[in-house]
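1. Provide a 3D model corresponding to the input given below.
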Amino acid sequence: MHVSQNKTIAQCLSDRIDYGKNPEKTENNELISAYACDPRTADAEFLLSKKQYELITGRCERGNVIAYQVRQSFKPGEVAPQEANQIGYDFASRFLKGKHAFIVCTHTDKKHIHNHIYWNSTTLDCSRKFRDFRRSGKAVRTLSDLICTEHQLSVINDPQRHGDSYNKWLGEKAKTSHRELLRAVIDTALTQKPHDFNAFLALLAAEGFRVKQGKHITFAHDDFKQNVRMSSLGEGYNEDEIRAVIKGQRHHTPKKRRSVRQTQRPQTIIDIHAKLAEGKGEAYRRWASVENLKRMAKTKLYMDEHDLDYSALTDRKSVLAKKEAELSGKIVQAQTRLAEINVLKTHIVNYLKTKDVYVAYRNAGYSKKFLAEHEADIIIHKAAKKAFDDLGLKKLPTVKSLQVEFAVLLTSKKEAYAELKKVRDELKELSVHKANYEELRDLQKREERKEKEHGRE
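-> Numbering: from 1, shown residues only. So this is what the prediction gives:
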């Protein structure tokens, strides 16, 4: 991160770190962790270290790199937010080796949970700066993948520098484009054999497509953000080709549409009246009526196959909701302890590595000269000791025992997470079937009421 034009270092640091700390993205700042700085004042602390750097070295900060950022994303549905934040913290700790202050902000506003990791370009002792090195991107990815593998998470095994376009990457999951929708409506209109081009345009207008004629024929629709030119629809769909089809001079072959994966999950009944109020046409009403019958039939079949009535369906949903809460609590407890173990292991290692330096510092009568020469090690040692005091540890556990506990907890958490996914899938399925059953029951009551009223007449 460099200084932006017409902005101060303070403004740049504040703007960028504030984006990461956005409470709407970090669950009200619950998903923020930091090393050697307070998350609330990280930008000010980064700035202070840079002023000290200038005083110590005589070098001016402006124009140089003021901070670094790594964005670390995870596969949707595979990691809990707390675990993602801990992974980001572990990455920064191991990559920076305790020499730079950093802050980790985990965002949950997208389908994929992701970390924004910021670290100060100036070292903790304010005497040096982080120097980017050749192929540092590969080093970052390798370490990140290693830590994710330790947590039994997915990694990209064969990362490519250049990939497909976003729509191609989405493949079957991609949303149907406006042009595909328009081509489908044109295909349907041509099957009705309009007698001329104006009749053809009238059929499209009935489906909500407004025609704008000028140098190019353009279609507008309330659901489209932009108009679509007819000439952009591809082979077989331009004006001359459509006119030839209408006159019987050409055979129309609908363009093969991208296959869309049919979801196996049940779907709730469509509110047809609401959709019609939004501007959907008669063709949509016919399709939705048939689709609702299919969805109701699936609900009836599901209840018959599982021997469920409405009462049993409701009871099963309550049991699953309770199970979901229990598993979620178990996962949170395990993740909290896993985070504690990671932090504790780091402090134990740091404590043992810096113990001799601190003993020498104490024997030197806490000499200021000795402190200046070994300040980083002494700060790390004091931080480790404070952590032990806060935890009330009189005897330090061994790193090996913590690793064993970590492995057991990690296995337990993974098993609970897998079970939770199954419970949530079934709970979603039951919720849909319950809603559909209620809709079907209400529909039957309305029909019975109409029959009684008709009989009285």
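2. Go ahead and name everything in contact with the helix or strand encompassing Lys369.
-> In this assignment (DSSP states H and E), Lys369 forms part of helix 368-373. With contact meaning C-beta atoms under 8 Å, 6 or more residues apart in numbering, helix 368-373 is reached by 360-361, 364, 378. Any C-beta I mention is one placed from the backbone N, CA and C, and that applies to glycine too.
3. Average pLDDT for it, rounded please.
-> Across helix 368-373, pLDDT averages out at 90.
4. For it, what is the distance to the chain centroid?
-> Chain-centre distance of helix 368-373: 47 Å, with C-alpha atoms, centre = their mean, to the nearest Å.
5. Buried residues of whichever helix or strand comes after that helix, list them for me.
-> With elements assigned by DSSP H and E, the helix or strand that comes after helix 368-373 is helix 375-391. Going by neighbour count (16 or more other C-beta atoms under 10 Å), the buried part of helix 375-391 is 376-381, 383-385, 387-388.
6. I'd like those laid out as TSV, including distance to Ala312 and pLDDT.
-> Below are those laid out as TSV (distance: C-beta to C-beta, whole Å; pLDDT from 0 to 100):
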residue	distance to Ala312	pLDDT
Ala376	65	86
Asp377	65	88
Ile378	66	90
Ile379	62	88
Ile380	60	88
His381	62	89
Ala383	57	87
Ala384	57	86
Lys385	59	87
Ala387	52	84
Phe388	54	87
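7. Any chance of CSV for those residues, columns distance to Phe200?
-> Converted to CSV, those look like this (distance: C-beta to C-beta, whole Å):
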residue, distance to Phe200
Ala376, 77
Asp377, 81
Ile378, 83
Ile379, 78
Ile380, 77
His381, 82
Ala383, 76
Ala384, 78
Lys385, 82
Ala387, 75
Phe388, 80
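8. Tell me which residue lies nearest the centroid of the protein.
-> In the chain, the residue lying closest to the centroid (C-alpha atoms, centre = their mean) is His112, at 1.8 Å.
9. Phi and psi next, for that residue.
-> phi -100, psi 120 (degrees, to the nearest 10).
10. Ala199 now?
-> According to degrees, to the nearest 10, Ala199 has phi -70, psi -40.
11. Spatially nearest residue to Tyr35 (excluding sequence neighbours)?
-> Phe102 (5.2 Å; C-beta to C-beta, 6 or more residues apart in numbering).
12. distance of the one you found from Asn22?
-> 18 Å (C-beta to C-beta, to the nearest Å).
13. try Ser144
-> 23 Å.
14. Can you give me the neighbour number for Ile113?
-> 23 (other C-beta atoms under 10 Å).
15. got a list of what it touches?
-> Applying C-beta under 8 Å, 6+ apart, the residues near Ile113 are 73-74, 76, 79, 81, 84, 106-107.
16. Which parts of the chain are strands?
-> Under the criterion DSSP state E, strands of the chain are mapped to 32-35, 67-73, 102-107, 114-120, 210-212, 218-220, 228-229.
17. Touching the second one from outside, list them.
-> Put plainly, it is strand 67-73. Strand 67-73 is contacted from outside by 1, 13, 16, 46, 84, 87-88, 91-92, 112-121, 130, 132, 140, 144, using C-beta under 8 Å, 6+ apart.
18. same check, this time on the last one
-> Applying C-beta under 8 Å, 6+ apart, the contact partners of strand 228-229 are 178-179, 182, 216-220.
19. Buried only: go through those residues for me.
-> Counted by 16+ other C-beta under 10 Å, the contacts of strand 228-229 give 178-179, 182, 217-219 as buried.
20. Check those residues and tell me the two furthest apart.
-> Using C-beta to C-beta, the buried ones among the contacts of strand 228-229 span at most 15.3 Å, a distance reached by His178 and Ile217.
21. coming back round to it: which of Phe102 and Asn22 has more neighbours?
-> Phe102 (25 against 13).
22. That one reaches Pro39, doesn't it?
-> No: the pair Phe102 / Pro39 is not scored as a contact, 10.4 Å apart, by C-beta atoms under 8 Å.
23. tally of neighbours for Ala202?
-> Around Ala202 there are 13 residues (other C-beta under 10 Å).
24. May I ask you to name the longest helix in this protein?
-> Looking across the chain with DSSP state H, the single longest helix is helix 399-456.
25. now for it, which elements pack on it?
-> helix 282-305, helix 310-363 (3 or more C-beta pairs under 8 Å, 6 or more residues apart in numbering; DSSP states H and E).
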